[in-house]
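> prediction below, plus the sequence it came from.
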Amino acid sequence: MPAVASLVVLLSATEPPAPRAAEEAAIRAHVAYLASDALAGREAGSAGFDTAAAYVAQQFAAARLKPGADGAYLQRVPLVRYQIAGHAAASINGTALTPGGDFTATANPQAARTDMSARVVFVGQGVSAPTRGHDDYAQVDARGAIVALVGGAPDDLQSEEHAYFASIRTKLQAAAAHGAIGAVLLTGAKKARPVRAGGVQYGWATPEGTAFAPGVPLLASFTDAGANKLFAGAGTTWDQARAEVNGKQAFPPAALKITLRIQSATQFTPVASSNVVGVLPGTDPSRSNEVVVLSAHLDHIGISKKPNAKGDAINNGALDDAIGIASLIEEARRFQRAGAGKRTIVFLAVTAEEKGLVGSDYFVRHRPKGLKNIVADVNLDMPVLTYAFSDVVAFGGDRSTLGPVIARAAKGAGVVTSPDPIPEQTIFTRSDHFRFVEAGVPSVFLWPGLKAEGARAAFEDFMKNRYHQPGDEIDAGILWDQAVRFVDINYAIARDIADAPAKPVWNKGDYFGTAFKGPMAN
């Protein structure tokens, strides 16, 4: 009997072989459904998205995952759409500015009506990273002020840290931490434009019906003409200040000699949507309370206002990110066949990634019962699988003990790991894993690399001709055998994390682990 029991345990821990062709067909079937015209681009808050969410919930149920959203598969996310309502006004020392010529007001996520008047402090790029040798607030008092800032971050920052500090969200949080009450963005443009296309933004709704948004509100963007007026009489001209920032000199932050007033109204519109949450409970009583999240975003960008040359306006989102959701479903099936891990695994399909990582932010801040103790996130977003890849890129992977886990999984699949080949694209901050990073959770976002012959050309072709366009369809040249290879690697990573004796921790002294107070290696 003991020998038989040992054999049973061994078999349950080893995944039975599945025909590769069958797995390819299964992934293709998921993508064909999720990226079909009938779902109309799966925009968050649309009927097409809701249909897609119901499909994923059914697939999670078929894989014998338990409902993870307090007894349901769907975690309701109270989205809110917000935009400027009516005409906005701005003035400097009582003199009116010209809408469009000097500024364009930005919707305030935190209030239906804004009437803010304060002195203005120019803080360059608005970066506060004293441990990295940069603090644009070190020489200025921003308390009670509106800060004026420009985009970007210092070039000498490590690429992922650069991406973080270049984010407008990070800049607004830094402004709040230094006591500012609002911010304006100096664009250097001749004509002011909204920060987001059409001026429409999304968040998740607070009890007051406004949108959750950490940091101070971004009140407006300013043109060259408007910026010149802000700097009038300051002793430093806008051209001088901009040149110093662009030249990466140690510019002196300036308290400008003006009072800026901005008046605007924001319209809030509730939009209901859902995350889909399936749970595979852990088998080890001492570790089952530790949660490993496997995430992918279910939404895409819906229907374009203008059709393309072929008359197609539906942004189907086959690779962005139906293929990630398909991979998530197939990973769940692999766990079903091979047996649960020692830690609990959450399979999470989030809404509103395309709206600013809103669904993942909501999940992290509203964790369902029993899923509070998240120890890792492995994110699947838009793997471009139109070429045979020979390496993988693990965004954020080398910052924690997930790095060796990823390396082992890659080696087992016959590929190597590579550094970020496109750091200028700031990928590290642009997908759902980063909301987990901000919660102190060691996280990784995996992509096929660009080392293989023809890989970069294929990737660039997708980005130019299909990314966020109607051409991202199932006929986009997806190689289904490569999709299975991608699932192989992600499954191996998830299995390793789920069964490892120790939970993942940040590498000793890592910037993000330190900044967000995550578990740190000794």
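Perfect, thanks for sending it.
> and the helices in this structure?
2-12, 20-34, 47-62, 159-166, 168-177, 224-230, 238-246, 323-338, 358-365, 402-412, 433-437, 455-465, 480-499, 511-515 (DSSP state H).
> now do the second one: which elements does it pack against?
Taking 3 or more C-beta pairs under 8 Å, 6 or more residues apart in numbering; DSSP states H and E as the contact definition, the neighbouring helices and strands of helix 20-34 are helix 47-62, helix 323-338, helix 480-499. Bear in mind the C-beta positions are built from the backbone N, C-alpha and C, glycine included.
> JSON lines for these, including mean neighbour count and distance to residue 280?
Formatted as JSON lines, the helices and strands packed on helix 20-34 follow (neighbours: other C-beta atoms under 10 Å; distance: least, C-beta to C-beta, whole Å):
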{"stretch": "helix 47-62", "mean neighbour count": "19", "distance to residue 280": "10"}
{"stretch": "helix 323-338", "mean neighbour count": "23", "distance to residue 280": "6"}
{"stretch": "helix 480-499", "mean neighbour count": "22", "distance to residue 280": "9"}
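> columns mean pLDDT and distance to residue 372 on top of these, output as a markdown table?
A markdown table is the format used below for the helices and strands packed on helix 20-34 (pLDDT from 0 to 100; distance: least, C-beta to C-beta, whole Å):
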| stretch | mean pLDDT | distance to residue 372 |
| --- | --- | --- |
| helix 47-62 | 98 | 20 |
| helix 323-338 | 97 | 22 |
| helix 480-499 | 97 | 18 |
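> and the helices of the chain: which comes nearest residue 257?
Residue 257 lies closest, by C-beta to C-beta, to one member of the helices of the chain: helix 224-230, at 9.7 Å.
> return the set of buried residues in that closest one.
Neighbour-count burial for helix 224-230, counted by 16 or more other C-beta atoms under 10 Å, picks out 224, 225, 226, 227, 229, 230.
> thinking again about what came up before, tell me which of the helices and strands packed on helix 20-34 sits nearest to residue 33.
Across those, closest to residue 33 is helix 47-62 (C-beta to C-beta), at 6.3 Å.
> just to revisit the earlier point, minimum distance to residue 317: which of the helices of the chain has it?
Among those, if distance is taken as C-beta to C-beta, the winner is helix 20-34, at 7.7 Å.
> for the closest one, output the C-alpha coordinates as CSV.
Provided in CSV are the C-alpha atoms of helix 20-34 (Å, rounded to 0.1, in the frame of the first residue of the first chain):
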residue,chain,number,x,y,z
ARG,A,20,0.4,19.3,-29.1
ALA,A,21,-2.0,19.6,-32.0
ALA,A,22,-5.0,19.4,-29.6
GLU,A,23,-3.5,22.2,-27.5
GLU,A,24,-2.9,24.3,-30.5
ALA,A,25,-6.5,23.8,-31.6
ALA,A,26,-7.8,24.7,-28.1
ILE,A,27,-5.8,28.0,-28.0
ARG,A,28,-6.9,28.9,-31.5
ALA,A,29,-10.6,28.2,-30.6
HIS,A,30,-10.4,30.5,-27.6
VAL,A,31,-8.8,33.3,-29.6
ALA,A,32,-11.3,32.8,-32.5
TYR,A,33,-14.2,33.3,-30.1
LEU,A,34,-12.7,36.2,-28.1
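> rewinding a little: distance to residue 418 added to the helices of the chain, as a markdown table?
Output for these, formatted as a markdown table (distance: least, C-beta to C-beta, whole Å):
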| stretch | distance to residue 418 |
| --- | --- |
| helix 2-12 | 35 |
| helix 20-34 | 24 |
| helix 47-62 | 31 |
| helix 159-166 | 13 |
| helix 168-177 | 26 |
| helix 224-230 | 41 |
| helix 238-246 | 31 |
| helix 323-338 | 20 |
| helix 358-365 | 25 |
| helix 402-412 | 9 |
| helix 433-437 | 18 |
| helix 455-465 | 11 |
| helix 480-499 | 13 |
| helix 511-515 | 20 |
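> which among the ones you listed is found nearest to residue 426?
Closest to residue 426 of the helices of the chain, according to C-beta to C-beta: helix 159-166, at 3.6 Å.
> tell me the mean pLDDT for the closest one?
For helix 159-166, the mean per-residue pLDDT is 90.
> select the longest strand from the chain.
For the chain, the longest strand by residue count, based on DSSP state E, is strand 254-280.
> that one pairs with which strands, parallel or anti?
The strands beside strand 254-280 in its sheet (DSSP bridges) come out as strand 66-67 (antiparallel), strand 74-84 (antiparallel), strand 89-92 (antiparallel), strand 113-122 (antiparallel), strand 344-350 (antiparallel).
> let me know the angle separating it from helix 358-365.
Orientation of strand 254-280 against helix 358-365 (axes from the mean of the first three to the mean of the last three C-alpha atoms, to 10 degrees) gives an angle of 80 degrees.
> got the buried residues of helix 224-230 as TSV, with pLDDT columns?
Compiled in TSV, the buried residues of helix 224-230 are given as follows (pLDDT from 0 to 100):
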residue	pLDDT
224	94
225	96
226	96
227	95
229	96
230	95
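> could you save the residues you listed as CSV and add columns showing distance to residue 368?
Formatted as CSV, the buried residues of helix 224-230 follow (distance: C-beta to C-beta, whole Å):
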residue, distance to residue 368
224, 49
225, 50
226, 46
227, 46
229, 50
230, 47
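> quick check, nearest of those residues to residue 180?
For these, the nearest to residue 180 is residue 230 (15.0 Å; C-beta to C-beta).
> surely the closest one meets residue 121?
No - if you go by C-beta atoms under 8 Å, residue 230 and residue 121 don't touch, sitting 10.5 Å apart.
> list residues touching both of the two?
Counting by C-beta atoms under 8 Å, 6 or more residues apart in numbering, the shared contacts of residue 230 and residue 121 are 148, 256.
> which residue sits closest to residue 401, ignoring its sequence neighbours?
Distance criterion C-beta to C-beta, 6 or more residues apart in numbering; nearest residue to residue 401, sequence neighbours excluded, is residue 504 at 5.0 Å.
> endpoints of stretch 509-522, how far apart?
Stretch 509-522 has an end-to-end distance of 9 Å (C-alpha to C-alpha, to the nearest Å).
> ok, residues contacting that stretch?
Contact partners of stretch 509-522, identified using C-beta under 8 Å, 6+ apart, comprise 131-132, 158, 160-161, 164, 375, 396, 399-401, 437-442, 503-508.
> okay, and which of those residues map to strands?
Short answer: the contacts of stretch 509-522 in strands (DSSP E) are residue 375.
> near the closest residue to residue 234 other than its chain neighbours, how many other residues are there?
Nearest-residue entry for residue 234: residue 256, 4.7 Å, with adjacent residues in sequence omitted and distances by C-beta to C-beta, 6+ apart. By other C-beta atoms under 10 Å, 23 other residues sit near residue 256.
> give the contact list for residue 256.
119, 120, 121, 122, 148, 230, 231, 234.
> from those, keep the buried residues only.
Among the contacts of residue 256, those buried by neighbour count (16+ other C-beta under 10 Å) are 120, 121, 122, 148, 230, 231, 234.
> residue 33 against residue 55, yeah?
Yes - using C-beta under 8 Å, residue 33 is in contact with residue 55, at 6.3 Å.
> buried stuff in stretch 460-479?
461-462, 466-467, 469-474, 476, 478-479.
> right, I mislabeled it, should have said stretch 21-41
23-24, 26-28, 30-31, 33-36, 39-41.
> related to what we said a few turns ago, which of the contacts of residue 256 lies at the shortest distance from residue 140?
residue 121 (5.3 Å).
> tell me the pLDDT at that closest one?
With respect to pLDDT, residue 121 has a value of 96.
> OK, contacts around the residue nearest the centre of the chain?
What sits nearest the mean C-alpha location of the chain, by C-alpha atoms, centre = their mean, is residue 431, with 2.6 Å. By C-beta under 8 Å, 6+ apart, the contact set of residue 431 is 297, 353, 357, 379, 381, 395, 445.
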